[in-house]
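**Q** pasting the structure only:
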């Protein structure tokens, strides 16, 4: 009897993922949610040409939300199936805040006044010193 070793090897490579997908309720829920959202999108855009689909996609918020749900659910299912914990990425928020502060402090038009105001409010205003020669 002829046995295909390539098919068996491929099956052995995929088997843990299939088993995990069949037994894990969260993976099934994510795939089911993605499937339903994708069906809604297909129902809305099915039969449309590229221009009609693009105009519907840009005009209807519900279609964009369904696409977003599809992508998020599938990505959660893939991460869960791989057995890895999802990687948490830092956002652009801290970088943008720091960049905004630097722009305000080192802006040639207002930077000197801003730095002086900040120094006075944080460390207190300095008294002016008179360096004239003493009179006896």
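**A** Yes, it's here. Source: prediction; values computed, not measured.
**Q** From residue 100, how far off is residue 121?
**A** Residue 121 is 19 Å from residue 100, where distance means Cβ to Cβ, to the nearest Å. Glycine gets a C-beta too; all of them are placed from N, C-alpha and C.
**Q** sec struct for the spatially most central residue of the chain, please.
**A** Centroid-nearest residue in the chain, with Cα atoms, centre = their mean: residue 91, separated by 6.8 Å. Three-state assignment for residue 91 (DSSP: H, G, I helix; E, B strand; the rest coil): coil.
**Q** repeat for residue 134
**A** coil.
**Q** Next, count neighbours for it.
**A** Around residue 134 there are 4 other residues, counting by other Cβ atoms under 10 Å.
**Q** Look up phi and psi at it.
**A** Backbone torsions of residue 134, given as degrees, to the nearest 10, read phi -70, psi 150.
**Q** how does this protein divide up, domain by domain?
**A** For the chain, automatic domain parsing gives the domain ranges 5-82, 93-123.
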